[in-house]
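# Quick one, what's the 3D model for this:
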Amino acid sequence: MTTALLIIDVQHALCTGEYKCFEINRVIHNINGLSGRAREAGIPVFLIQHEEEGVLLQHNSEGWQLAEGLQTSPEDLRVRKTTPDSFYQTHLLQLLQEKDVERLIICGLQTDYCVNATVRQALTLCYDVVLAADAHSTVDNGNMAADDIIAEHNASLAHLTSPVARIDVTPTREIRI
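Predicted coordinates for the structure are as follows:
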């Protein structure tokens with residue numbers, strides 16, 4: 001089964017300052033471990049970046065840039081998006097189909113927005129998904145603390161299935177590349 005790694009929105013604006021995600025240094029460390037293993041195994045790595053006009057994530061702004069400390073490679077594939085769903089009006093699906101990908105390992109930011117939307121859409125598109133349980137994060141939302149949001153999404157997404165695909169929520173050290 002051909003696999004790809006999706007790293008969603010690990011961008012400067014979400015890793016520093018007011019919108020700094022929970023335990024971001026640990027999350028980036030775990031993502032770097034996954035991406036290093038993926039690259040060694042020849043698995044394509046996709047760097048997905050969110051952008052919005054007039055806000056912190058405006059294309060090419062400082063906040064839009066990938067986070068400091070996130071390890072990348074010139075061979076990584078880049079996808080720009082404007083909605084939480086990494087597939088919506090992007091070329092991600094086409095790139096995955098060109099590489100005959102059937103399984104996605106997903107990590108990144110933010111758990112309750114772009115990670116959640118992308119995981120759910122991947123399942124709808126019949127991809128088997130491995131959500132890296134300790135390699136995604138978010139911020140407190142006023143009702144719940146970030147660590148509770150992460151735990152809730154890990155638990156609820158682990159129970160989703162379709163007739164032809166599944167979601168596994170697995171710690172990074174246990175993910176088979």
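# Longest helix of this structure, counting residues only.
Ranked by number of residues, the top helix in the chain under DSSP state H is helix 24-40.
# what comes up buried for the following helix or strand past that one?
Tracing the chain past helix 24-40, the next element assigned as helix or strand by DSSP states H and E is strand 45-50. Under the neighbour-count criterion of 16 or more other C-beta atoms under 10 Å, strand 45-50 has V45, F46, L47, I48, Q49, H50 buried. Using the backbone N, CA and C atoms, a C-beta is placed for each residue, glycine as well.
# what's the nearest residue to S86 if we skip its chain neighbours?
Distances taken as C-beta to C-beta, 6 or more residues apart in numbering put T118 closest to S86, at 4.2 Å, once the chain neighbours are dropped.
# cool, A132 as well?
With sequence-adjacent residues excluded and distances taken as C-beta to C-beta, 6+ apart, A132 is closest to C107, at 4.1 Å.
# Now do the one helix or strand the one you found maps to and strand 45-50, the angle between them.
Element membership of C107, judged by DSSP H and E, is strand 103-109. Using axes from the mean of the first three to the mean of the last three C-alpha atoms, to 10 degrees, the interaxial angle of strand 103-109 with respect to strand 45-50 works out to 40 degrees.
# Need the residues that contact strand 103-109.
Here strand 103-109 makes contact (C-beta atoms under 8 Å, 6 or more residues apart in numbering) with 1-11, 14-15, 21, 27, 30-31, 34, 38, 48, 96, 114-115, 118-119, 122, 127-132, 135-138, 172, 175, 177.
# redo that, cut-off 6 Å
Residues external to strand 103-109 that are found in contact with it (C-beta atoms under 6 Å, 6 or more residues apart in numbering): 1, 3-10, 14, 21, 31, 115, 119, 122, 127-132, 135-137.
# which residues of this structure fall in strands?
Per DSSP state E, the chain carries strands over the ranges 3-8, 45-50, 77-81, 103-109, 128-137, 167-170.
# Reformat those into CSV and put distance to E152 and mean pLDDT next to each item.
Formatted as CSV, these follow (distance: least, C-beta to C-beta, whole Å; pLDDT from 0 to 100):
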stretch, distance to E152, mean pLDDT
strand 3-8, 18, 98
strand 45-50, 22, 98
strand 77-81, 24, 98
strand 103-109, 16, 98
strand 128-137, 12, 98
strand 167-170, 12, 98
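# Go through those strands and name the closest to M144.
Comparing the strands of the chain by their distance to M144 (C-beta to C-beta), the top pick is strand 128-137, with 13.4 Å.
# just checking, what packs against the closest one?
helix 24-40, strand 103-109, helix 116-124, strand 167-170 (3 or more C-beta pairs under 6 Å, 6 or more residues apart in numbering; DSSP states H and E).
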